[in-house]
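**Student:** take a look and give me a structure for this.
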Amino acid sequence: MPAKKLELESMSLDDLWSLHEEISGILSDRIKAEKHELEKRLAVLGGGVAVLADSSGPGVSPTAKARRKYPRVLPKYRNPQTSETWSGRGKRPRWLVAAMKSGRRIEDFRIGDASPKLRQRA
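**Tutor:** Just a heads-up that it's a prediction; the model follows:
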């Protein structure tokens, strides 16, 4: 290996640059061939033609699945002033946080047939 290093050090700048371009071309060809071979193997293993078609789309992962459809969640809480609703999932809305800081309870805003006091008796 030391002999090759000496050969490179003795080469002119133009010779080194042409060697660099030649190596870069060979590397890019080999990388493209390897990528094509891996895509063919992936298509055989799992996705078939659909995987190759999806891989052409920008920003889409070829292994990404379609997102599951979730059922619609009905609201559980209502702001009596503006009729805004909240399902009870995710971050609490600002109107509910402000009302709770002022001393009201979350049960005061619950949507339902009976008030919380009646539910406790039953």
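**Student:** now the biggest helix by length in the chain, how far from the chain's geometric center?
**Tutor:** Longest helix of the chain, by residue count under DSSP state H: helix 13-42. Counting by C-alpha atoms, centre = their mean, to the nearest Å, helix 13-42 is centred 31 Å from the centre of its parent chain.
**Student:** and it, what's its mean pLDDT?
**Tutor:** When pLDDT is averaged over helix 13-42, the result is 94.
**Student:** so that it lines up with my notes, have the first residue be 41 from now on.
**Tutor:** Yep, numbering from 41; the last one is helix 53-82 now.
**Student:** give me the helices and strands touching that helix, please.
**Tutor:** For helix 53-82, the packing partners by 3 or more C-beta pairs under 8 Å, 6 or more residues apart in numbering; DSSP states H and E come out as helix 89-95. C-beta: built from backbone N, CA, C; applies to glycine.
**Student:** mind listing residues that contact the helix or strand following the helix it packs on?
**Tutor:** Downstream of helix 89-95, the first helix or strand assigned by DSSP states H and E is strand 117-118. Contact partners of strand 117-118, identified using C-beta atoms under 8 Å, 6 or more residues apart in numbering, comprise Glu124, Thr125, Trp126, Ser127, Gly128, Leu136, Ile146, Phe149, Arg150, Ile151.
**Student:** same list (these) but as JSON lines, adding pLDDT, distance to Lys45 and secondary structure.
**Tutor:** Output for the contacts of strand 117-118, formatted as JSON lines (pLDDT from 0 to 100; distance: C-beta to C-beta, whole Å; DSSP: H, G, I helix; E, B strand; the rest coil):
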{"residue": "Glu124", "pLDDT": "92", "distance to Lys45": "73", "secondary structure": "coil"}
{"residue": "Thr125", "pLDDT": "93", "distance to Lys45": "73", "secondary structure": "strand"}
{"residue": "Trp126", "pLDDT": "93", "distance to Lys45": "70", "secondary structure": "strand"}
{"residue": "Ser127", "pLDDT": "92", "distance to Lys45": "69", "secondary structure": "coil"}
{"residue": "Gly128", "pLDDT": "91", "distance to Lys45": "69", "secondary structure": "coil"}
{"residue": "Leu136", "pLDDT": "94", "distance to Lys45": "71", "secondary structure": "helix"}
{"residue": "Ile146", "pLDDT": "92", "distance to Lys45": "74", "secondary structure": "helix"}
{"residue": "Phe149", "pLDDT": "92", "distance to Lys45": "77", "secondary structure": "helix"}
{"residue": "Arg150", "pLDDT": "93", "distance to Lys45": "78", "secondary structure": "strand"}
{"residue": "Ile151", "pLDDT": "91", "distance to Lys45": "78", "secondary structure": "coil"}
